[in-house]
Every structure is written in structure tokens, then in C-alpha cells.
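# Quick check, what structure comes out for this input:
(2 chains)
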Number of protein chains: 2
Amino acid sequence: MKITILGCYSATPRTFTNPTSQVLEINNHIFLIDCGEGTQVQLRRNKVKFSRIKHIFISHLHGDHFFGLIGLVSTFRLLTRETPLHIYGPKGIKEAITLQLKLSNSWTDYPLHFHELTSKDSEVIFEDEKVTVTTIPLQHRVYCNGFLFEEKQGDRNLLINKVEQYNIDKAYYRSIKKGKDITLDNGTIISNEELTTAPKPTKSYAFCSDTKYDEAKVPIIKNATVLYHESTFLESHKHLCAKTGHSSAIEAATIAKKANVGTLVLGHYSTRYENIELFKEEAKTVFDQVEIADDGKVFEF
Amino acid sequence: MKITILGCYSATPRTFTNPTSQVLEINNHIFLIDCGEGTQVQLRRNKVKFSRIKHIFISHLHGDHFFGLIGLVSTFRLLTRETPLHIYGPKGIKEAITLQLKLSNSWTDYPLHFHELTSKDSEVIFEDEKVTVTTIPLQHRVYCNGFLFEEKQGDRNLLINKVEQYNIDKAYYRSIKKGKDITLDNGTIISNEELTTAPKPTKSYAFCSDTKYDEAKVPIIKNATVLYHESTFLESHKHLCAKTGHSSAIEAATIAKKANVGTLVLGHYSTRYENIELFKEEAKTVFDQVEIADDGKVFEF
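The predicted structure follows:
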């Protein structure tokens, strides 16, 4: 599982920082999460192949998470993309994008599918044989969702010397990998545990930006391998959290601790701070395994 | 008159080039012309004070001229701007911007005035005591206008020793500067030429992007001090001009020659070319006074 931070600062893009966008590589999928202005340039800068992006998840329609989407959609068109693109985001996202395509008389040649979200409850919005994506309802100034990306359990690993020892026909290998026991011709039952080992543990990534402190999300993100949680403010500006619908580093760490996640990654820093290491210092007073996001940084788990 | 090129490449923003946007300083005004994605960062990079921008002119609603506008409008709001902002552009621009402000629940606190353009004829869209701005209808794939910015003729320069020699009361100075003759108490008429010298010559800037070759604009831009004219293609790709509604460097130079402008500035290069000096070489075969725009370049005339 690999996370490439394209941008992780709040509010306005600057010459040296970018608004929220990140690329998640999980179980052979590439997902783009949020798309602030300049995301397409950040994708180029970080050498992410445009054609590999098939699903884009937008948390909410504030500019620093969304204003780069129309440019990316248009650039895909200019690059003569043919692969379908799926966009998941709050209701209204389709109107905003299609209005601008209409005004510029630039309809995409590739299929563009919008999946507009309105539910205030957590729901599965994408699922295939490899990954499940579930919304994490967040408490912000506008309708906002985080996203939980979970690898699906893979097949069990076949112990090839064991199945050959029992002279089991290859036709059964698939069902054995799925966990089935086997009855030999002589009627003996061979338990699956004897023929296989457990599949590799699954990983999960919970993206939570933007949100005020809210424990309601804890059951949804429980035991996640990695939690990206916004930490817009340090304790010195904690009074701004409730007003703006954001969290402090300590609040992010408290959620990480209650949810028992593996690693907490902090981001969405207010641009007032020069030294983002301070976010890590504050969070570590509550939760030990803390990383800080920064533009261009890559995490592998 | 000063022109700061924020971006002058066509199609998609890249790590090292930006889509169209430029700042024109003329007779104490600062005008922003076009606003591709990333313009707000380019304004910062080129140290243009956001608060000084009061008028934004958008030629057409293709993304490389327009997708940075919503971000800039939003950033003005985050910076607690109070100064009114005037936006001039094709019909539809108001809907595109206001829809996105509505979706992000982020109405501007400062007055935001849209001046939507629909006329296919040249028209004055801004005028005060210093500058006139007139549209230049362009032929492109969508409704598109260039803009002609003209300094207004200033007052004549008073020859102070002359007016004192005739003992003319200061109350008449203003009308003398406006060109009036003076009748002395003894009935003698003193001609204005004796009391003043001519005002400084006015300057003008014609911005023409995007357009196919079209001589209809020549009378409008006749004798302009500076013409910025798009030159998307070199002669080697001339066959693409008509199809895409763009011009070659030689076509731009031909317009410059026919309009008898002072200086031609080329821009809006297709991103397929590595060496933009070739545009200058080709244009100079037709018209001598050629400059090539590039991101971050500043021209003073």
C-alpha cells in the first residue's frame, strides 16, 4: 500500500505548497483522493501516469479539495483518453463539472461517470474482488465524507508439496485456495489447514479530511492500518477548530488512539505555520505512531 | 505600460509552463487578462499584489484561459478582500463561478460584479478618465473576444514661465491644460500652443488570444503600441490552424504588419514545441519588431 501526497495544505495554493490531493495505490488499484487546484501538475511532478487513474474520490466541494478536478477532466480529454473515469463526490459535483464542459464546448470522448453522494450514513460506494471503498461521514461546514479503502482478503496459499503428496487433482486447487476441505477417493477428509497457509493480512487506509473532532467515525475506521486525519491547527489555535469545523493535532491523535489504528498520518495544515514538525510533536503526546504528510512525500505500508 | 506574462502556453498546465494569464499595468490601472489554472500561484510568484487587481478580463471559456478564476475569486475571499471585483467575459461565466461558490457555501464578502459579453461586434466595456477597454471579436471554436486597452489622452503640459509672463490667473490653468486659448484683460488672444506643449503620446495594448487568421480585427487594433497575438503553431503544423481555430507565427506577423502595430508579442504556444525561439524567427520573416512571451517575462513599453 503506497500513498503519494500531492498536496496537504489547507485553504489557498502557494508557490511552495499545494491544496489537498493524494494518490493511493492499494491491491493493484490507483485511487485519486481529492483534487485541489494544481493537482494535474502535481501528478506530473510526481510521475503518476494519468491513464492509471480510473476512480477519483472528492471529500467535499470546498475549493482546496475540488477546484483542480475540472482541469484534470479536461486534460484527460486533450490527451485523448478512452478509459472510463468514475468520480465520487457530494451532490452538485456533476453539475459543476458538466456546466464547465458545456461552456467550453469540450465534452469528453471518454465515458465520465458521476457517483453523487447524499447519505449521512456510512455506505459502500465501490467494490470489486480486490478492494472495498466505504464513506466515512465527517462533520465539517459543508457535506463531507472521508473514505475507507480496504483490501479484500486474498486466497489462502496452497502448499503445493502437500496437495501433490495426496495426489489431489488440479481441478480442486481453486476451491482449496478458497478454504474448502477435500475428501479423497478413499473417503478420508483432509482439512484445509493441512493444505494451505493463511493469506497475507489485509491493509486498509482511512482518509479523513476535513472534520471537526467527532468520535462517531471511530467504529468505521477501527483498526485501520493507516489513518490520514486532518490537523489544521496546533493547540495554540485550538479555539478555531470548532468555529471552522477542523481538528487539532491532538484531536487527530485522540481519534487515532480510540480507533486503535496502526499509523496516524497528519495533514491539511493551516498555512500560518512554518514548522509542521510541531504537529507531530503535539500528536505524539497522545499517540505514538505518527507521521507527517508533506507535498511530494511517499508512504509505503 | 508594463505587461507581466504569468502564463502563455496553450492546452494543459505542466510542471514548467502555465496556461494563459497576464497582468497589464497601464495608466495606473492593473488589469488581469485571462486566468488559466494556477494563475493565483503565478501572481504570487511574480509578486503581483492581489488587492490591486480590480478588473479581470476573460477572452473565452476554454479551460486554459479560465479554470484558475474560481480559485482566485475564492482566495480573495479567504484573504478577507473588501474591494469590489469586476469580471468581464462570455455569457455563462457568472453561472460557472456562482454555482461553485454556492456548492462550497462560500459567498464572497466583497462585491463581485459580472459583465457578461454576448456581442459579436466590438464594444467599449470599460471606460474611465484614464483608460478605455474595447472588445476585439475573435474567430475561435467558441465565443471569444480579445481586448484593446487604450490610454486616454492626458492634459497638455503647462509652460509655467509663459503663463506667469502673461500674468494669467491660476484659475485658468485647468482650461489651458485642456487646450483652451486665453483672452487677456486687454483683449489679446494668446493661443494655447504658446502656453503648452503636447501631452505625452498615448499607448495601447491589443490582446488577441485565441483566434484563427482573421483580418476583420485589423481596423480595431490599427496602430496599437503593442499587439499580443497568439501563435499556437509553426509553419510545419500550419494545417492545424484552421481546424483548431488558431494562428501560426507568420499569420500573427501578417496581422501585425497589416495593423501597423509597434511591437508584436507572440504567445499561446502549443506544448509540442521545445524551442519557442523558432516562433520569433518565423514571424520576423514578415514583421520586424517581434518579441516572444514566456512565463515570468516582463515587457515595458
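
# Who are the contact partners of the residue lying closest to residue A:92 once chain neighbours are set aside?
Excluding its sequence neighbours, the residue lying closest to residue A:92 (CB to CB, 6 or more residues apart in numbering or on different chains) is residue B:103, at 4.4 Å. Bear in mind the C-beta positions are built from the backbone N, C-alpha and C, glycine included. By CB atoms under 8 Å, 6 or more residues apart in numbering or on different chains, residue B:103 lies in contact with A:61, A:90, A:92-93, A:95-96.

# switch the cut-off to 10 Å
A:60-63, A:66, A:90-93, A:95-96, A:142-143 (CB atoms under 10 Å, 6 or more residues apart in numbering or on different chains).

# Next up, phi/psi of it, please.
Main-chain torsions, residue B:103, degrees, to the nearest 10: phi -60, psi -30.

# tell me the pLDDT at it?
At residue B:103, the model reports a pLDDT of 96.

# Kindly report the same for residue A:106.
Per-residue pLDDT puts residue A:106 at 89.

# doesn't it fall inside a strand?
No: counting by DSSP: H, G, I helix; E, B strand; the rest coil, residue A:106 is not part of a strand but coil.

# thought it was touching residue A:73?
Yes: the pair residue A:106 and residue A:73 qualifies as a contact (CB atoms under 10 Å) at a distance of 9.4 Å.

# neighbour count winner among the two?
residue A:73 (24 against 18; other CB atoms under 10 Å in any protein chain shown).

# Would you confirm that the more buried one contacts residue A:56?
Yes: Residue A:73 is within contact range of residue A:56, at 8.8 Å (criterion: CB under 10 Å).

# how about residue A:172, secondary structure?
Assigned by three-state DSSP, the conformation of residue A:172 is helix.

# Ok, residue A:236 next?
Going by three-state DSSP: residue A:236 is helix.

# ok, now how distant is it from chain B?
Here the criterion is CB to the nearest CB, to the nearest Å. By it, residue A:236 lies 20 Å from chain B.

# do the same with residue A:65
Residue A:65 is 9 Å from chain B, by CB to the nearest CB.

# Run a quick neighbour tally on the nearest residue to that residue once chain neighbours are set aside.
On the basis of CB to CB, 6+ apart, the spatially nearest residue to residue A:65 that is not a chain neighbour turns out to be residue A:34, at 4.4 Å. Neighbour count of residue A:34, defined by other CB under 10 Å: 29.

# ok, residue A:34 - contacts?
A:6-8, A:19-22, A:56-60, A:62, A:64-66, A:68-69, A:89, A:147, A:207, A:209-210, A:268 are the contacts of residue A:34 under CB under 10 Å, 6+ apart.

# what ranges do the helices span in chain A?
Counting by DSSP state H, chain A has helices at residues A:39-45, A:69-78, A:93-103, A:160-165, A:173-177, A:192-195, A:218-221, A:239-244, A:249-259, A:277-284.

# Pretty sure residue A:43 sits against residue A:56.
No: with contact taken as CB under 10 Å, residue A:43 and residue A:56 are classed as non-touching, separated by 11.2 Å.

# Report the set of residues contacting both of those two.
If you check residue A:43 and residue A:56 against CB under 10 Å, 6+ apart, the residues they both contact are A:21, A:32, A:35, A:72.

# Which neighbours do residue A:106 and residue A:73 have in common?
Counting by CB under 10 Å, 6+ apart, the residues touching both residue A:106 and residue A:73 are A:100, B:63.

# How many residues are close by residue A:129?
For residue A:129, using other CB under 10 Å, the count is 7.

# Next up, the contacts around it.
The neighbours of residue A:129, taking CB under 10 Å, 6+ apart as the test, are A:27, A:152, A:154.

# got these as TSV, with neighbour count, pLDDT and distance to residue B:115 columns?
Putting these into TSV (neighbours: other CB atoms under 10 Å in any protein chain shown; pLDDT from 0 to 100; distance: CB to CB, whole Å) gives the following:
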residue	neighbour count	pLDDT	distance to residue B:115
A:27	16	95	51
A:152	13	96	54
A:154	15	90	60
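
# can you give me the strands for the stretch 51-200 of chain A?
Ranges of strands in the stretch 51-200 of chain A, per DSSP state E, counting those that start in this stretch, are A:55-57, A:85-90, A:112-117, A:124-127, A:131-138, A:144-151, A:157-158, A:182-183, A:189-190, A:196-197.

# tell me the most buried of those?
Per-stretch averages of neighbours, counted by mean count of other CB atoms under 10 Å in any protein chain shown, single out strand A:144-151 among those, with a mean of 24.

# Now do that strand against strand A:131-138, angle only.
Counting by axes from the mean of the first three to the mean of the last three CA atoms, to 10 degrees, strand A:144-151 lies at 150 degrees to strand A:131-138.

# what angle do strand A:144-151 and strand A:112-117 make?
Strand A:144-151 and strand A:112-117 meet at an angle of 110 degrees, taking the same axes, to 10 degrees as the criterion.

# For stretch A:18-32, what is the distance to the chain centroid?
6 Å (CA atoms, centre = their mean, to the nearest Å).

# Show the end-to-end separation of that stretch, please.
Taking CA to CA, to the nearest Å, stretch A:18-32 runs 15 Å from one end to the other.

# Around chain B, which positions in the stretch 151-300 of chain A sit nearby?
residue A:271 (CB under 10 Å from any CB of the partner chain).

# what's the burial count for the residue in the stretch 151-300 of chain A that chain B sits nearest to?
Closest contact between the stretch 151-300 of chain A and chain B, by CB to the nearest CB, is at residue A:271 (9.7 Å). As a burial measure, residue A:271 scores 15 neighbours (other CB under 10 Å).

# my read: it touches residue A:11, true?
Yes: under the criterion of CB under 10 Å, residue A:271 is in contact with residue A:11, at a separation of 5.7 Å.

# just the contacts of residue A:129 now: which is nearest residue B:247?
Distance to residue B:247 across the contacts of residue A:129 (CB to CB) is lowest for residue A:27, with 49.1 Å.

# how far away is that closest one from chain B?
The gap separating residue A:27 from chain B is 29 Å, by CB to the nearest CB.

# what's residue A:286 in contact with, if anything?
Going by CB under 10 Å, 6+ apart, residue A:286 touches A:249-257, A:264.

# Scan the contacts of residue B:103 and report the most crowded one.
Taking other CB under 10 Å as the neighbour criterion, residue A:66 ranks highest of the contacts of residue B:103 with 29 neighbours.

# How much space separates the residue lying closest to it once chain neighbours are set aside from residue A:207?
Closest residue in space to residue A:66, ignoring its immediate chain neighbours: residue A:58 at 5.7 Å, by CB to CB, 6+ apart. Separation of residue A:58 from residue A:207 (CB to CB, to the nearest Å) stands at 11 Å.

# From what I see, residue A:292 and residue A:273 are in contact.
No: the criterion here is CB under 10 Å, and residue A:292 misses it with residue A:273 at 11.3 Å.

# Show me whatever sits in contact with both of the two.
Common neighbours of residue A:292 and residue A:273 (CB under 10 Å, 6+ apart) are residue A:279.

# on that earlier part again, now a ChimeraX select for only the buried ones of the contacts of residue A:34.
Buried members of the contacts of residue A:34, identified by 16 or more other CB atoms under 10 Å in any protein chain shown, are gathered into one ChimeraX selection as follows:
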select /A:6,7,8,19,20,21,22,56,57,58,59,60,62,64,65,66,68,69,89,147,207,209,210,268
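
# ok, now which ones touch residue A:151?
Neighbouring residues of residue A:151 by CB under 10 Å, 6+ apart: A:1, A:26-29, A:130-132, A:200-205, A:225.

# and the residue lying closest to it once chain neighbours are set aside, what is it in contact with?
With CB to CB, 6+ apart as the criterion, residue A:151 has its nearest non-adjacent residue at 4.1 Å, and that residue is residue A:202. Contacts for residue A:202 (CB under 10 Å, 6+ apart) come out as A:1, A:26-27, A:131-132, A:150-154, A:225.
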